[in-house]
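Participant: need a structure here:
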Amino acid sequence: MFDFCTDPDTLGTFQWFACYLTTGKHMGMYWSVLTVLVLLAITAPAALLFGFFGARAARSRILPLSWLGKGYIAITRGVPDIAFFMFFVIALDQMFEYARHKIKCPDWTEPVRQGNDFIVCTQAKLPLGNSPQWVHETYGFFLAVLTFAIVFGAFTANVLYGAMRAVPRAQMETAEAYGMSRRQAFWRVLVPQMWVYAIPGLGNLWMILIKATPLLFLLGVEDIVYWAKDLGETKHARFTDYPHGDWRIWYFLALLVFYLAFTWVSEKFIARLTRRLSHGQATLGGDAQRKATA
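Facilitator: Model prediction:
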């Protein structure tokens with residue numbers, strides 16, 4: 001990146017590290033940090049949306065809908081995360097390709113399932129073989145986000161389902177006694193209060209989601225942990241202009257600091273959000289606030 005990086009053998013210590021830390025591979029690592037942050041920024045609200053509808057379905061008086069919501073929660077909770085991450089990526093990819101195959105190749109006569117192989121016409125492939133690299137990377141990232149949202153949406157649904165049940169039934173009955181419909185009571189009484197009960201569980205899920213981002217590598221996305229391992233391993237002079245020994249401990253130490261700082265900021269934000277949502281509510285947190293201002 002710098003003009004003085006033409007001959008690494010002639011560089012001083014500071015200049016050597018300045019050149020080393022701005023190589024193409026390091027830029028890939030810095031980009032992967034942004035990838036993780038974007039993943040979290042998209043996945044968190046998407047998982048919350050999946051979870052909200054899952055919890056509401058589980059509470060439904062319509063039995064098939066209730067079974068669907070409770071099944072979504074139970075199945076995802078009962079299977080190891082890594083199995084679901086691997087399953088959903090393959091299942092979603094094949095589902096999208098199969099749908100495109102039916103639309104773009106209606107005259108196809110051969111079976112799509114041929115033994116262990118899944119074969120669709122060339123036009124139905126996602127992404128297309130001649131697509132630029134950024135399309136392949138974007139598609140892989142999209143599958144990763146959707147997989148994270150589905151899996152963590154089930155955990156979120158369980159938290160929100162419990163939070164909805166924690167709101168005193170007497171308040172819902174009072175709202176209905178004042179003439180509110182079930183829908184109005186749900187949105188005006190239950191939903192505003194359930195967040196107070198849900199925040200601790202959602203905060204834990206947020207921390208778990210942060211720690212789960214290294215699973216991106218299993219989904220075909222080069223994440224921070226992948227780059228830390230690759231860059232930290234011993235590099236010999238004949239393979240690189242910047243040879244060094246086994247520096248993995250330093251790279252992983254940097255990751256440790258990054259994740260600890262991220263979770264510390266998250267804890268501060270969650271604590272502040274909890275205080276804000278507890279204000280005026282009939283909970284222990286709200287009661288403590290009232291006593292403090294009395």
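Participant: show me where the stretch 151-294 of the chain has helices.
Facilitator: 169-177, 182-185, 191-212, 224-232, 248-278, 284-293 (DSSP state H, counting those that start in this stretch).
Participant: Show me what the fifth one packs onto, helices and strands only.
Facilitator: By that I understand helix 248-278. helix 191-212, helix 224-232, helix 284-293 (3 or more C-beta pairs under 8 Å, 6 or more residues apart in numbering; DSSP states H and E). The way it works is simple: take the backbone N, C-alpha and C, and place the C-beta from them, glycine included.
Participant: quick revisit: which of the helices of the stretch 151-294 of the chain has the lowest average pLDDT?
Facilitator: With a mean of 46, helix 284-293 has the lowest mean pLDDT of those.
Participant: count of neighbours near Asn158?
Facilitator: Other residues near Asn158 come to 22 when the count uses other C-beta atoms under 10 Å.
Participant: quick revisit: mind putting the helices and strands packed on helix 248-278 into TSV with mean neighbour count and distance to Lys70?
Facilitator: TSV is the format used below for these (neighbours: other C-beta atoms under 10 Å; distance: least, C-beta to C-beta, whole Å):
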stretch	mean neighbour count	distance to Lys70
helix 191-212	18	17
helix 224-232	19	35
helix 284-293	12	29
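Participant: any chance of those in JSON lines, plus distance to Gly245?
Facilitator: Shown next, in JSON lines, are the helices and strands packed on helix 248-278 (distance: least, C-beta to C-beta, whole Å):
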{"stretch": "helix 191-212", "distance to Gly245": "29"}
{"stretch": "helix 224-232", "distance to Gly245": "10"}
{"stretch": "helix 284-293", "distance to Gly245": "52"}
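Participant: Go ahead and confirm Ser278 touches Trp195.
Facilitator: No - assessed by C-beta atoms under 8 Å, Ser278 is found out of contact with Trp195, at 9.5 Å.
Participant: How far off centre is stretch 74-88?
Facilitator: 14 Å (C-alpha atoms, centre = their mean, to the nearest Å).
Participant: try stretch 186-198
Facilitator: 24 Å.
Participant: Over to stretch 205-223?
Facilitator: Distance of stretch 205-223 from its chain centroid, counting by C-alpha atoms, centre = their mean, is 7 Å.
Participant: could I get it in PDB with only the CA atoms?
Facilitator: The C-alpha atoms that make up stretch 205-223 are tabulated as PDB, following Å, rounded to 0.1, in the frame of the first residue of the first chain:
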ATOM      1  CA  LEU A 205     -29.200 -14.700  22.500                       C
ATOM      2  CA  TRP A 206     -27.400 -11.700  21.100                       C
ATOM      3  CA  MET A 207     -24.200 -12.700  22.900                       C
ATOM      4  CA  ILE A 208     -24.600 -16.300  21.600                       C
ATOM      5  CA  LEU A 209     -25.100 -14.900  18.100                       C
ATOM      6  CA  ILE A 210     -21.900 -12.900  18.400                       C
ATOM      7  CA  LYS A 211     -20.000 -16.000  19.400                       C
ATOM      8  CA  ALA A 212     -21.600 -18.000  16.600                       C
ATOM      9  CA  THR A 213     -20.200 -15.800  13.800                       C
ATOM     10  CA  PRO A 214     -17.100 -18.100  13.300                       C
ATOM     11  CA  LEU A 215     -19.600 -20.600  11.900                       C
ATOM     12  CA  LEU A 216     -19.600 -18.500   8.800                       C
ATOM     13  CA  PHE A 217     -16.600 -20.400   7.600                       C
ATOM     14  CA  LEU A 218     -18.600 -23.600   7.600                       C
ATOM     15  CA  LEU A 219     -21.100 -21.800   5.300                       C
ATOM     16  CA  GLY A 220     -18.500 -20.800   2.800                       C
ATOM     17  CA  VAL A 221     -17.900 -17.300   4.000                       C
ATOM     18  CA  GLU A 222     -14.300 -16.300   5.000                       C
ATOM     19  CA  ASP A 223     -14.700 -14.900   8.500                       C
END
